[in-house]
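Colleague: Return a 3D structure for these sequence lines:
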Amino acid sequence: MPTGNLFADTAPPRESERFETLLVHRNLVVERIVSSAAVVQSEYVQPQDEWVMLVQGEAVLNVAGEILTLTSGDYLFLPAGLPHSVQRVSEGALWLAVHLYGPEGLQHPSGTAIDTDPRARAEPAPREVPALAKAGAGAGAGTGA
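Modeller: From the prediction side, this is the model:
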């Protein structure tokens, strides 16, 4: 079975963040994010839930107006629709993000409630599970931390 290493190829980009998709399976996406200290201010409001962990480094986030300071090992849950942005981050900060989309999978149709019972619908066709991407391969969904 192929493996990957979260700490391989962690050179940060010149500015902003580099998103790398590690796994896509049904309604789940796992990304590795490598940050540059040269933050490009951008507010994220995502259609999916996100659990994010700062694996190494330090960061200051603005989550719906609340300022949070994170250090290595800290994690938080960002429900769908919650505005958030990276205010400051240390050079080469490394994140692991887990995105959970609605019952329909990666494309959650507008107007459909997240809490709708998925058993009331036909089960979505299973997706192939791609092997873990080797570090540095592929672009992520660009959802931010």
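Colleague: Could you say which helix or strand holds the most centrally placed residue in the chain?
Modeller: Nearest to the mean C-alpha position of the chain, by CA atoms, centre = their mean, lies residue 97 at 3.5 Å. Using DSSP states H and E, residue 97 falls within strand 94-100.
Colleague: Tell me which residues are up against that strand.
Modeller: 6-7, 10, 27-35, 46, 48-57, 141, 143, 145 (CB atoms under 8 Å, 6 or more residues apart in numbering). Just so you know, the C-beta spots here come from the backbone N, C-alpha and C atoms, and that holds for glycine as well.
Colleague: For residue 44, name its beta-bridge partners.
Modeller: residue 84 (DSSP bridges).
Colleague: Let me know how buried it is, in neighbour terms.
Modeller: 15 (other CB atoms under 10 Å).
Colleague: Residue 56 and residue 2: what is the separation?
Modeller: 24 Å (CB to CB, to the nearest Å).
Colleague: If you count surrounding residues, which of the two has more?
Modeller: Ranked by neighbour count (other CB under 10 Å), residue 56 and residue 2 place residue 56 first, with 15 against 8.
Colleague: Alpha carbons only: can I get the strand holding residue 97 in PDB?
Modeller: C-alpha atoms of strand 94-100 as PDB (Å, rounded to 0.1, in the frame of the first residue of the first chain):
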ATOM      1  CA  LEU A  94       2.200  23.100   8.600                       C
ATOM      2  CA  TRP A  95      -1.500  22.300   8.800                       C
ATOM      3  CA  LEU A  96      -3.600  19.300   8.400                       C
ATOM      4  CA  ALA A  97      -7.200  20.000   7.300                       C
ATOM      5  CA  VAL A  98     -10.100  17.600   7.200                       C
ATOM      6  CA  HIS A  99     -13.100  18.800   5.100                       C
ATOM      7  CA  LEU A 100     -16.500  17.100   5.600                       C
END
